[in-house]
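**Q** just coords:
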Ligand SMILES: [Zn+2]
């Protein structure tokens, strides 16, 4: 499965925060020699993983996390949440989301994660939230989606998938802040009778 959505919450040692947000690249991807984090020789002002043998500079860039806000009913009163079956935040609730894969669009990735984590049938709509999480080098994108039925068949990453009304949302048991922000915007827009597009930056 590779990286999970939850990797972004993994604590990063303070000393490495300024240039790293995931485990350091240990070996050169070209020749396998142990990489060294330093300023490259070409005038680049950012510390990079540089290979002391073949001189390859490895550029590490932010990752996209893509997901959906799947809703049920003509008025969209209920939202589908998944109870996580994997660490961290096992037992907490999340919207279906995960890391975008090579070769897919953001909407395709969001749809794939919704199938994998919830086994839901749905129709995907507009992009709803775009949330930068620069501390961990991630960009989270959530699309609105309409469920086409209420039979869910969650995969191994999910203990349970079920619908919640706004009053039922377990706000203190939501796994990730980007999910909490997205749900908050969803119910606020629903009350206002108009869905917008929301851009946020969070720590
Ligand atoms: Zn190398």
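**A** That came in fine, so what should we check first? Small disclaimer: the values here were computed from a predicted structure and weren't measured.
**Q** Doesn't residue 117 belong to a helix?
**A** Yes. Applying DSSP: H, G, I helix; E, B strand; the rest coil, one finds residue 117 inside a helix.
**Q** what's it in contact with, if anything?
**A** Residues near residue 117 by CB atoms under 8 Å, 6 or more residues apart in numbering: 82, 96-98, 154-155, 157-158, 161. Glycine gets a C-beta too; all of them are placed from N, C-alpha and C.
**Q** repeat that with 10 Å
**A** 5, 67-68, 80, 82, 84-85, 94-98, 152, 154-158, 161 (CB atoms under 10 Å, 6 or more residues apart in numbering).
**Q** Next step: these restricted to strands.
**A** Counted as lying in strands by DSSP state E, out of these, are 67-68, 80, 82, 84, 94, 97-98, 158, 161.
**Q** Neighbour count and distance to the ion for those residues - can I get that in a markdown table?
**A** A markdown table is the format used below for the ones in strands among the contacts of residue 117 (neighbours: other CB atoms under 10 Å; distance: CB to the ion, whole Å):
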| residue | neighbour count | distance to the ion |
| --- | --- | --- |
| 67 | 30 | 36 |
| 68 | 30 | 40 |
| 80 | 24 | 46 |
| 82 | 30 | 41 |
| 84 | 23 | 38 |
| 94 | 25 | 38 |
| 97 | 27 | 34 |
| 98 | 25 | 31 |
| 158 | 22 | 40 |
| 161 | 23 | 44 |
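**Q** among the residues you listed, which two are most distant?
**A** 68 and 84 (15.9 Å; CB to CB).
**Q** and the spatially closest residue to residue 77 that is not a sequence neighbour, what pLDDT?
**A** Nearest residue to residue 77 in three dimensions, chain neighbours excluded: residue 165, at 5.7 Å (CB to CB, 6 or more residues apart in numbering). Residue 165 is assigned 97 on the pLDDT scale.
**Q** now residue 152
**A** 97.
**Q** And for residue 21?
**A** At residue 21, pLDDT is 49.
**Q** just the one 5 residues further on next, same as before
**A** Reading off the per-residue confidence, residue 26 sits at a pLDDT of 91.
**Q** Residue 95: neighbour count?
**A** 31 (other CB atoms under 10 Å).
**Q** so it sits right up against residue 169, yeah?
**A** No. Applying CB atoms under 10 Å, one finds residue 95 not in contact with residue 169, separated by 11.0 Å.
**Q** Common neighbours of those two, please.
**A** Joint contacts of residue 95 and residue 169 (CB under 10 Å, 6+ apart) are 79, 81, 180, 183, 186.
**Q** and of these, the nearest to residue 62?
**A** residue 180 (20.7 Å).
**Q** one step back: how much space between the residue nearest to residue 77 and residue 81?
**A** 11 Å (CB to CB, to the nearest Å).
**Q** okay, the two: which has more neighbours?
**A** The neighbour comparison of residue 165 against residue 81 (other CB under 10 Å) goes to residue 81, with 28 against 12.
**Q** do you know how far the closest residue to the more buried one other than its chain neighbours is from the ion?
**A** Nearest in space to residue 81, with sequence neighbours left out and distances taken as CB to CB, 6+ apart, is residue 93 at 4.4 Å. Using CB to the ion, to the nearest Å, residue 93 is found at 43 Å from the ion.
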